[in-house]
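**Q** everything below, folded, please.
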Amino acid sequence: MNIPSKVKNLFLALSFLYINNSFSQGKILDFDGSGFSSFSFSNNLKETSLPVPYSPSYENEDSSQTQRGSCEFQVYFIDVGQGDAEFIRLPNCKTVLIDGGPSASSSSKLSKFLTEHKITSLDYVVLTHPHTDHFRGLQYVFDNLSVSNFYDTRIDNPESSTLQKFRQTVLSEPGINIFYPFEGEEFQWDSQVKVKVLHSCPNYSQSSQGEILNNCSIVMKISYQNVSLLFMGDAQGETESYIADKYGSQLRSDVLKVGHHGSPTSSSEKFLSYVSPKLAYVEVGKNSYGHPSDATLSRIESFGARVFRSDRDGTSLFIPGDKIFYCQYPQTSENGR
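**A** Purely as a prediction, here's the structure:
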């Protein structure tokens, strides 16, 4: 009898639950040698959550799900080194890439991720702001994959020839739809998923100053069922303060993609008090900027969030449902940890 892989995975998870007497709600489980670890919490529920095992068969179900037109909502926080990239698979099986990391090489971490997951086209690509550690990897994407829709700001750095080249590449993409989202806009990506823009720079401007470019980041809140995720790009204190004053408790999110790689100029106490995240993802690599700041990490943890770092934990897979699951994608980081 052909048993569906999801049933097998559930049986495996139940087996681990039975034999692991130390399993308790909200506890981190590390199954040495088994290829996965998990963190979960319930939304006002008293029942415990099951770990979600990672296995090649679990990943390879994508093609059959796509044929059925139904997929599991998944968010990958991709380890691209010192930069940002997040990949989202929507319930309708459409795909989203937010930023592309610092490398346009065919051997980059982003390229390897896309190849391993057999991704040859993307429905939606978002560039949060025009810094090389966010857009250079998108040059590889547009050179090697087909992209249907692209979201960008209108802020320009006239001193960056690399940026000019990239945007010309976007303009030459066959059949591409280009959007400059405005604050308050909602993207119609999936009928089951709400995507709202909380901040953007849709009007033309120029600057070569890093802080100004960072504060022009497209900030999005994505909600699915009872779970919400806040993507901050590289927004710094000025933008954080603005959206905190404007949206207040509407910023509340279960998951925070931490702004500006955990720098001391982001994730202020005021901002975090409104977001109150349970999970926080810092995308960072080896750098000379002091990212992430110990003070920033302490602030985030003081609000009860568990922090995951791409330089330490590698690429992370987040799967929401009735409860929230965290799955660590197994890989060996550059420093051997």
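**Q** so where is the chain shaky, pLDDT-wise?
**A** Using pLDDT under 70 as the threshold, the predicted model of the chain has low-confidence ranges 1-69, 321-337.
**Q** repeat that with 50
**A** Across the chain, the stretches falling below the confidence threshold (pLDDT under 50) are 7-8, 11-68, 330-337.
**Q** who's the residue nearest to the spatial centre of it bridged to?
**A** Centroid check for the chain by Cα atoms, centre = their mean gives Glu86 as the closest residue, at 3.6 Å. With DSSP bridges applied, Glu86 shows beta-bridge pairing to Phe77, Ile98.
**Q** how far off centre is stretch 139-150?
**A** Between the centre of stretch 139-150 and the centre of its host chain there is 18 Å, according to Cα atoms, centre = their mean, to the nearest Å.
**Q** quick check: end-to-end length of it?
**A** Stretch 139-150 has an end-to-end distance of 13 Å (criterion: Cα to Cα, to the nearest Å).
**Q** stretch 223-232 too?
**A** Using Cα to Cα, one end of stretch 223-232 lies 15 Å from the other.
**Q** buried set for that stretch?
**A** Taking 16 or more other Cβ atoms under 10 Å as the neighbour-count basis, stretch 223-232 is seen to contain the buried residues Ser223, Tyr224, Val227, Ser228, Leu229, Leu230, Phe231, Met232. Bear in mind the C-beta positions are built from the backbone N, C-alpha and C, glycine included.
**Q** how far away from the center of its chain is that stretch?
**A** Taking mean C-alpha positions (Cα atoms, centre = their mean), stretch 223-232 and its chain are 11 Å apart.
**Q** repeat that for stretch 214-223.
**A** Chain-centre distance of stretch 214-223: 12 Å, with Cα atoms, centre = their mean.
**Q** what sits up against that stretch?
**A** Surrounding stretch 214-223, the residues in contact under the criterion Cβ atoms under 8 Å, 6 or more residues apart in numbering are 88, 98, 126-129, 131, 151, 153, 155, 181, 193-201, 205, 228-236, 238-239, 243, 251, 253, 259-260.
**Q** ditto for stretch 171-180
**A** By Cβ under 8 Å, 6+ apart, the residues outside stretch 171-180 that reach it are 142, 146-154, 170, 200, 202.
**Q** what's the local residue count around Ser288?
**A** 6 (other Cβ atoms under 10 Å).
**Q** check Ser172 too.
**A** Here the neighbour count serves as a burial measure; for Ser172 (other Cβ under 10 Å) it reads 9.
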